[in-house]
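Q: Based on what follows, work out the 3D shape:
(chains A and B)
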Amino acid sequence: TQLLEQSPQFLSIQEGENLTVYCNSSSVFSSLQWYRQEPGEGPVLLVTVVTGGEVKKLKRLTFQFGDARKDSSLHITAAQPGDTGLYLCARYSGGGADGLTFGKGTHLIIQP
Amino acid sequence: NAGVTQTPKFQVLKTGQSMTLQCAQDMNHNSMYWYRQDPGMGLRLIYYSASEGTTDKGEVPNGYNVSRLNKREFSLRLESAAPSQTSVYFCASSEQGNSGNTIYFGEGSWLTVV
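A: Have a look, this model is predicted:
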C-alpha cells in the first residue's frame, strides 16, 4: 500500500496567522489532489497538481508539488475562521484500479 | 444541481440487520465509489464501479455488497450489520476514475450499528 502521510494531524491557530500542512509519500505520484471537508459534508476538491515543482494558488491558499513528485504542501496566508476544516490529500490508486487513496488529513481550526 | 445524492442520511441498525444505502448521480459520470470514513483512519474505499455493469473491490470490501443498477445509481448493501461497520459512508462519482478527474462526493450517511 502506497501510503500518504499528512502532518500535522491537528492544528489550531489564531485568525491572521500563516500555516503550512504537508503530504508525503515514499512513492512517486502521477498527480495529487487536495480536498477540504467541512463538518457534516463530503470532501470538496480544491486543486490538482500534476507537474513536479508546480505551484498553484487559490486566493490565500498556495499548493506546491515537490520536484520529485513525492510530496506536496498547502500554505494558507492570513488564515480566517472560514478556513476551518479537514484538509485531505489524495492520489489515484493506480495499478489499474479506480478511485483515490486518501491521507488521514489535517484537522485545522482557526480561532477568531 | 443535485450532484451526488445518497440516502438515508442517518440510520441506526441492530447487529445482524441488513440495509441498503442508495446513491444516485446526475452528472453522467462513468465511475462511482463507496467510501467509509472513521476517526483516525481517514477515507477508505469499499467498492467502486468503473462503468455500468462492472464493480470491483476496494481496500475494505468485507461485509459489503454493491450493485451498479444503471449509470446513475450505485447501491451499497450490508447483509448482516456488525458494530465495526459503524461509520460515515460517502458515495462519490467521477467522469473517469484513473486519472486526474475531480471526484464529487455526496453529503454522507451516518450509520450506527448497536
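Q: Could you list which residues are in contact with the closest residue to residue A:3 other than its chain neighbours?
A: Excluding the flanking residues, the one nearest residue A:3 by Cβ to Cβ, 6 or more residues apart in numbering or on different chains is residue A:25, at 6.4 Å. Yep, even glycine has a C-beta here, placed from its N, CA and C like the rest. By Cβ atoms under 8 Å, 6 or more residues apart in numbering or on different chains, the contact list for residue A:25 reads A:2, A:3, A:4, A:5, A:70, A:71, A:91.
Q: Which strand runs longest in chain A?
A: strand A:85-94 (DSSP state E).
Q: what packs against it?
A: Secondary-structure packing of strand A:85-94 (3 or more Cβ pairs under 8 Å, 6 or more residues apart in numbering or on different chains; DSSP states H and E): strand A:5-7, strand A:32-37, strand A:71-76, strand A:97-102, strand A:106-111, strand B:42-49.
Q: Parallel or antiparallel, list what pairs with that strand.
A: strand A:32-37 (antiparallel), strand A:97-102 (antiparallel), strand A:106-111 (antiparallel) (DSSP bridges).
Q: between that strand and strand A:71-76, how big is the angle?
A: If you take axes from the mean of the first three to the mean of the last three Cα atoms, to 10 degrees, strand A:85-94 sits at 160 degrees to strand A:71-76.
Q: circling back to that earlier point, as TSV, the contacts of residue A:25 with neighbour count and pLDDT would be great.
A: Below are those laid out as TSV (neighbours: other Cβ atoms under 10 Å in any protein chain shown; pLDDT from 0 to 100):
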residue	neighbour count	pLDDT
A:2	13	57
A:3	12	82
A:4	24	92
A:5	14	95
A:70	16	91
A:71	19	93
A:91	23	88
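Q: On the three-state scheme, the most centrally placed residue in chain B is what?
A: The centroid of chain B falls nearest to residue B:34 when counting by Cα atoms, centre = their mean (2.6 Å). Secondary structure state of residue B:34, per DSSP: H, G, I helix; E, B strand; the rest coil, is strand.
Q: Fine by me, thanks again.
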